[in-house]
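Participant: Sequence first, predicted model second:
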Amino acid sequence: MFKIGEFSKLVRVSARMLRYYEKCGLLAPAHIDRFTGYRMYSAMQIPLLMRIIALRDMGFSVEEIVQTLPHFQNATAMKTILSRKQDEITAIIASEQDKLDAIAVMNNNFEKECFNMVYDVILKSLPAENVISLRQTVPAENEEQLWGELCSFIAQNNIKRKPGGYSIYHSDEYEDDADIEIAIPVFTLGNDSDKFTYQELSPIPEAATIRFSGSYENYGHAMQKLALWIEGNNYEINGAVRGFAISSHMDDVEMDEYMTELQVPVKKV
């Protein structure tokens, strides 16, 4: 047998980590001398240690390693466990890529001074409008998917649409899963089909509106300016907040040419 320091050199794992694995119940010493307290390890323990290290390097937590090790000789069980971990890591990579994309967009915005491309607040009435819409409760980041579904339905059914499109947020407060309605103006109302609904958007007597151009990263700056105007002029929100895409990806334009109008129904306090 080998003392912990000797074993550490052989397996290239620090003594501190070996003690940690012992504390976690992953790898106990083969023998502990009752007089000296020396921890002794056996060469027969090396395969188990290699499994622990392999799982650790694949991103398994200590708790997951404890649960996985008993199944290591079961190929079917291990395939299921590894596939689950693979899916988890794939989702993490996708999430991290979204963060990288957001950083790139913000960096590009600073270079082009897009944060300054926010216009003045205008109080106006909004007329009724015929639309075809799709409304679902989905994670907020899935809004783009709703746009894709509605645009595909319009194209497949040769529906004559007008320019622009609405994102209407019906939830009383922000939730991870939001009640979102995507609506695209049409010339005439037709028959509903499955989850796609024709309707007339009601007129809004008074709405505080503000436009911003470029990336949707400018939303926060525009909404802050709009919120300050609402507070400063003694108004309060009186309906669902909505965004109107004056020009967007639907118009085959570059992001620098996007133009969005935020529309908030208001009433005097």
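Facilitator: Yep, it's here.
Participant: Check which helices and strands the lowest-mean-pLDDT helix or strand in the chain sits against.
Facilitator: Taking mean pLDDT, DSSP states H and E as the measure, the helix or strand of the chain with the lowest value is helix 75-112, at a mean of 86. Secondary-structure packing of helix 75-112 (3 or more Cβ pairs under 8 Å, 6 or more residues apart in numbering; DSSP states H and E): helix 62-68. C-beta coordinates here come from the backbone N, C-alpha and C atoms, glycine included.
Participant: now the angle between helix 75-112 and the helix or strand hosting residue 56, please.
Facilitator: Secondary structure from DSSP states H and E places residue 56 in helix 46-57. Going by axes from the mean of the first three to the mean of the last three Cα atoms, to 10 degrees, helix 46-57 is angled at 30 degrees with respect to helix 75-112.
Participant: helices and strands around helix 46-57, which ones?
Facilitator: Other helices and strands packing on helix 46-57, by 3+ Cβ pairs under 8 Å, 6+ apart, are helix 4-11, helix 62-68.
Participant: rerun at 6 Å
Facilitator: Judged by 3 or more Cβ pairs under 6 Å, 6 or more residues apart in numbering; DSSP states H and E, helix 46-57 has no packing partners among the helices and strands.
Participant: buried sites along that helix?
Facilitator: The neighbour-count check on helix 46-57 (16 or more other Cβ atoms under 10 Å) flags 49, 51, 52, 53, 55, 56 as buried.
Participant: Nearest to residue 257 among these?
Facilitator: Checking the buried residues of helix 46-57 against residue 257 with Cβ to Cβ, the nearest one is residue 56 at 48.9 Å.
Participant: Run a quick neighbour tally on the residue lying closest to that closest one once chain neighbours are set aside.
Facilitator: Spatially, and ignoring its direct neighbours in sequence, residue 56 is nearest to residue 65 (6.7 Å; Cβ to Cβ, 6 or more residues apart in numbering). The local packing of residue 65 (other Cβ atoms under 10 Å) involves 20 other residues.
Participant: Residue 4 now?
Facilitator: Residues lying near residue 4 (other Cβ under 10 Å) number 17.
Participant: OK, contacts around it?
Facilitator: 15, 18, 39 (Cβ atoms under 6 Å, 6 or more residues apart in numbering).
Participant: Okay, it and residue 66: tell me how far apart.
Facilitator: Distance of residue 4 to residue 66, computed by Cβ to Cβ, to the nearest Å: 21 Å.
Participant: returning to what we had before: residue 53 is in contact with the residue nearest to residue 56, correct?
Facilitator: No - counting by Cβ atoms under 6 Å, residue 53 is not a contact partner of residue 65; they are 9.7 Å apart.
Participant: pretty sure residue 188 belongs to a strand, no?
Facilitator: No - Residue 188 is assigned coil when assessed by DSSP: H, G, I helix; E, B strand; the rest coil, not a strand.
Participant: What sits closest to it if chain neighbours are left out?
Facilitator: Nearest to residue 188 is residue 130, by Cβ to Cβ, 6+ apart, at 6.9 Å.
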